[in-house]
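>>> sequence plus the predicted model coming up.
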Amino acid sequence: MGTFSCDNQTLLWQEGHHWLWLEPWGKNGLRLRANLRQQLLDLPQALVEKPPLPAGEVEISIGPEKAVLRNGTLQAEIAANGRIRYIRATDGQALLTEPEPTYYDVSARRFKPRDGGLYQIEAVFEAQEGERFYGLGQHKHGRLNQKGCIIDLQQRNTEIAIPFLISSLGYGFLWNNPAVGRVELGLNGTRWVADGARQMDYYIVGGDSYAEILERYADATGHAPLLPEWALGFWQCKLRYATQDEVLNVAREYKRRGLPLAIIVIDFFHWTHHGDWKFDPRAWPDPAAMVRELETLGVRVMVSIWPTVIAQSENYAFMTERGLLIGNERGVDAQQVFLDHGIPGPAYFAYYDATNPAARRFLWETVKKNYYDKGIRLWWLDNDEPDINPWSPENLRFYLGNGLEVANLYPLLHQMAFYEGMRSAGETEIVTLSRSAWAGSQRFGAAVWSGDIPSTFESLQVQVRAGLNMALSGIPWWTTDIGGFHGGDIYSDYFRELIVRWFQYGAFCPIFRLHGYRLPLKGPMPASGADNEVWSFGEQAYSVLRTWLWLRERLRPYLHLQMAQASQRGLPPMRPLFVDFADPTCVTIEDEFLCGPDILVAPVLCQGARARPVYLPDGADWVDAWHGKQYPGGRWLEAEAPLEVIPVFLRAGSRLRGVFPGVP
């Protein structure tokens, strides 16, 4: 049996070498740390400074058999044998409970020694019948409720590991550890695993609603800044615009056609070498003049920045000598093979070490000189998982430690490099687009997209669920490549229908961005794919896309209000129906969503569909956005969906006049 003590609102339990610290953390929150070191370790993690505690909300009592710590509506009970129960203090409802120790398995907190002073650390909890889990970043399993899933906690292209979930029982749980691992959401138990770590660290928060839990989580990990209003416009992108003239001509054509365009994106291989971080003057002779002309057209420029450095880069020797690159524990210090300008055959490159403050400063200083000083203000942080091949995190040596211990932190610190760099340059409207994220990425102005996904209706179906789980992971700025990234033939009837349906869905996503590597290709990589502008898919598709471009423009004031809510309260603009409605049917709906509180969107996700069933939540009346007919909530209906529209319903009484034809 262990012993209890209390130190300035922190409850301590100790048995042998096993020490545990439990302390209140913000409103209705508790943070647990445990290790075999007998002292707290200051390790990389996601939480910002400890939020202030409401007066009179914290109570600690210690008895011979158990100790209790209550913070607001969340209460933890620690038995003398170390077992922990988290309950809702208002009614005694069990939220999260460790299993009873057995004779040979004395704790649900397990520390298995590994090399280098690390442990494989596990936290085990009992399962509860009917519990549902949401969040955990972005994954391709196509499920909204992730009960029954095993989720790898590792960053990969199209797989984003954010170790935060929300339970239908009324709590949020952050596995506050950047180690590679997994979470097993089984029917007979839940298990969190860090493959290599020094200390267990997690945060649990209670709330009466999903919105309250998200707000408390944002308090703990950082609120997103307000997304600039101009970023809610249309983003034009493709793989790839190869020259300055090509970018200018596309922007001019948008303006000639009278179409709205907010941002145009310059993709990879605009550079001289990986790691030079500068324009190739042969294709981009005067970037500053390009930026000035685009600004006169009302268009901003975003540039792709990869974190990769090839040995032929002008910066490679300097960065290697000063330890600014990720190293390998064994073998040559190269982590990926691809291609580069002027390199015959495959090109081997390393990644700069985003966990090293000096490396982050060097990257920003280089980017500032070669891009920012030429007028670039928007950054596409591609390939920032980082995308290692082969994926052997235990062979990576970061400034902060071995890859097993810290690899998942990489995208957050890479985003921080640009956020802090822009702040140091006096910028206040900061937006990056990233292929990965971690807990807290929202506080650095990181928009996230879903990576290199296929151009299929099945992929579109997955994106709807993935985006909603990202929203419930604390990331309010999210999008996809409209049309998917690869495999879309712009001359095929299948893809032309897909691009229309995806575009309609994308108009209600926080970021509205067209991108892809279209067929037919114009040559081997890195040559450009086929055209990918809104007029590139035939006249029928163009007439529909043009209409939806202008609908998005009319939506922007409403979306800006929702982004303010995301910044202030942590409430994402795109969210499942059950976040706003207690209607039990809503928890079964995975292919509809709310855009803010007043717009219900039911995207068309199957080829050839010209109607689909739609559920209207109980608790409101709903108006068909296209025809103006009003329906009571709590009912299903079959909604028409000709190619020109998808079913959209407005909460009766909402102030959205003039956006949709049904509400003039």
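Perfect, I can see it now.
>>> alpha carbons only: can I get stretch 300-318 in PDB?
Coordinates of each C-alpha in stretch 300-318 appear next as PDB, following Å, rounded to 0.1, in the frame of the first residue of the first chain:
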ATOM      1  CA  ARG A 300      -2.200  36.900 -51.700                       C
ATOM      2  CA  VAL A 301       0.600  34.400 -52.300                       C
ATOM      3  CA  MET A 302       1.300  31.300 -50.300                       C
ATOM      4  CA  VAL A 303       4.600  29.400 -50.800                       C
ATOM      5  CA  SER A 304       5.400  25.800 -50.000                       C
ATOM      6  CA  ILE A 305       8.300  25.400 -47.600                       C
ATOM      7  CA  TRP A 306       9.600  21.900 -47.000                       C
ATOM      8  CA  PRO A 307      11.700  21.100 -43.900                       C
ATOM      9  CA  THR A 308      14.200  19.000 -46.000                       C
ATOM     10  CA  VAL A 309      17.900  19.700 -46.700                       C
ATOM     11  CA  ILE A 310      19.900  17.900 -49.400                       C
ATOM     12  CA  ALA A 311      23.700  17.600 -49.100                       C
ATOM     13  CA  GLN A 312      24.100  19.800 -52.200                       C
ATOM     14  CA  SER A 313      22.200  22.700 -50.500                       C
ATOM     15  CA  GLU A 314      24.200  25.800 -49.800                       C
ATOM     16  CA  ASN A 315      23.000  25.500 -46.100                       C
ATOM     17  CA  TYR A 316      23.900  21.800 -45.600                       C
ATOM     18  CA  ALA A 317      27.400  22.200 -44.300                       C
ATOM     19  CA  PHE A 318      26.600  25.000 -41.900                       C
END
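>>> got any ranges where the chain has weak pLDDT?
Residues of the chain meeting the criterion pLDDT under 70: 104-106.
>>> mind checking what helix or strand follows the longest helix seen in it in sequence?
Once the chain is assigned using DSSP state H, the helix that runs over the most residues is helix 539-569. Later in the chain than helix 539-569, the nearest helix or strand by DSSP states H and E is strand 574-575.
>>> next helix or strand past that next one?
Later in the chain than strand 574-575, the nearest helix or strand by DSSP H and E is strand 593-595.
>>> mind giving me the packing neighbours of the helix or strand just after that next one?
Following strand 593-595 in sequence order, the next helix or strand is strand 599-601 (DSSP H and E). On a contact count with 3 or more C-beta pairs under 8 Å, 6 or more residues apart in numbering; DSSP states H and E, strand 599-601 meets strand 593-595, strand 648-651. (C-beta placed from N, C-alpha, C; glycine too.)
>>> if you count neighbours, what's buried in stretch 192-203?
W192, V193, A194, D195, G196, A197, R198, Q199, M200, D201, Y202, Y203 (16 or more other C-beta atoms under 10 Å).
>>> so how far is E100 from the third one?
Distance from A194 to E100, counting by C-beta to C-beta, to the nearest Å: 23 Å.
>>> again, but for the first one
Distance of W192 to E100, given as C-beta to C-beta: 18 Å.
>>> how about the contacts made by the residue found closest to S392 once you drop the neighbours it is linked to in the chain?
In space, S392 comes closest to G403 once its chain neighbours are excluded; the distance is 7.8 Å by C-beta to C-beta, 6 or more residues apart in numbering. With contact taken as C-beta atoms under 8 Å, 6 or more residues apart in numbering, G403 is in contact with V180, S392, P393, E394, N395, L396, R397.
>>> any quick PyMOL command for the buried ones out of these?
To isolate the buried subset of these in PyMOL, counting by 16+ other C-beta under 10 Å, use the following:
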select buried, resi 180+393+394+395+396+397
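>>> dump the contacts of G403 to JSON lines, plus secondary structure and distance to Q463.
Converted to JSON lines, the contacts of G403 look like this (DSSP: H, G, I helix; E, B strand; the rest coil; distance: C-beta to C-beta, whole Å):
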{"residue": "V180", "secondary structure": "coil", "distance to Q463": "25"}
{"residue": "S392", "secondary structure": "coil", "distance to Q463": "29"}
{"residue": "P393", "secondary structure": "helix", "distance to Q463": "27"}
{"residue": "E394", "secondary structure": "helix", "distance to Q463": "32"}
{"residue": "N395", "secondary structure": "helix", "distance to Q463": "33"}
{"residue": "L396", "secondary structure": "strand", "distance to Q463": "30"}
{"residue": "R397", "secondary structure": "strand", "distance to Q463": "35"}
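>>> what are the ranges of the strands in the stretch 1-150 of the chain?
3-7, 10-15, 18-24, 29-35, 58-62, 66-71, 74-79, 84-88, 94-97, 109-113, 119-125, 133-138, 150-153 (DSSP state E, counting those that start in this stretch).
>>> elements contacting the third one?
If I follow you right, that is strand 18-24. Using 3+ C-beta pairs under 8 Å, 6+ apart, the elements in contact with strand 18-24 are strand 10-15, strand 29-35, strand 66-71, strand 74-79, strand 109-113.
>>> of those strands, which approaches K238 most closely?
With C-beta to C-beta, the closest approach to K238 among the helices and strands packed on strand 18-24 belongs to strand 29-35: 44.1 Å.
>>> the closest one vs strand 109-113, what angle?
30 degrees (axes from the mean of the first three to the mean of the last three C-alpha atoms, to 10 degrees).
>>> measure Q607 to Y494 for me?
In terms of C-beta to C-beta, Q607 sits 7 Å off from Y494.
>>> domain map for the protein?
Structurally, the chain divides into domains by automatic domain parsing as follows: 3-221, 231-306+357-389+401-568, 574-651.
>>> return the most buried member of those.
domain 231-306+357-389+401-568 (a mean of 21; mean count of other C-beta atoms under 10 Å).
>>> so for D208, which of the strands of the stretch 1-150 of the chain sits nearest?
strand 84-88 (9.3 Å).
>>> need the contact partners of that closest one.
Here strand 84-88 makes contact (C-beta under 8 Å, 6+ apart) with 22, 30, 32, 73-78, 93-98, 108, 170-171, 204, 206.
>>> stretch 279-288 too?
Applying C-beta under 8 Å, 6+ apart, the contact partners of stretch 279-288 are 242-244, 270-272, 290, 341, 370-371, 374-376.
>>> could these be laid out in CSV, adding distance to N532?
Formatted as CSV, the contacts of stretch 279-288 follow (distance: C-beta to C-beta, whole Å):
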residue, distance to N532
A242, 13
T243, 16
Q244, 18
H270, 16
W271, 21
T272, 25
M290, 19
H341, 23
N370, 26
Y371, 23
K374, 25
G375, 24
I376, 21
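>>> taking the residues you listed one by one, which sit in helices?
Among these, the ones falling in helices (DSSP H) are Q244, M290, N370.
>>> for the domains of the chain, give me a markdown table that also has distance to V659.
Formatted as a markdown table, the domains of the chain follow (distance: least, C-beta to C-beta, whole Å):
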| stretch | distance to V659 |
| --- | --- |
| domain 3-221 | 24 |
| domain 231-306+357-389+401-568 | 5 |
| domain 574-651 | 8 |
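>>> so which of those domains comes closest to E329?
Ranking these by distance to E329, with C-beta to C-beta as the measure, places domain 231-306+357-389+401-568 first at 7.2 Å.
>>> so how far is that closest one off the chain centroid?
Its chain's C-alpha centre and that of domain 231-306+357-389+401-568 lie 14 Å apart, by C-alpha atoms, centre = their mean, to the nearest Å.
>>> equivalent analysis for stretch 162-179, please.
Centre-to-centre, stretch 162-179 and its host chain are 14 Å apart (C-alpha atoms, centre = their mean).
>>> first-to-last residue distance for that stretch?
11 Å (C-alpha to C-alpha, to the nearest Å).
>>> next one: stretch 195-209
This stretch, stretch 195-209, spans 33 Å end to end (C-alpha to C-alpha).
>>> any idea which element H414 lies in?
Counting by DSSP H and E, H414 is part of helix 410-424.
>>> pairing partners for the helix or strand just after that helix, with directions?
Using DSSP H and E, the helix or strand that follows helix 410-424 in sequence is strand 432-434. Applying DSSP bridges, strand 432-434 is found paired with strand 378-381 (parallel), strand 446-449 (parallel).
>>> distance to R300 for those strands - can I get that in a markdown table?
Formatted as a markdown table, the strands paired with strand 432-434 follow (distance: least, C-beta to C-beta, whole Å):
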| stretch | distance to R300 |
| --- | --- |
| strand 378-381 | 6 |
| strand 446-449 | 14 |
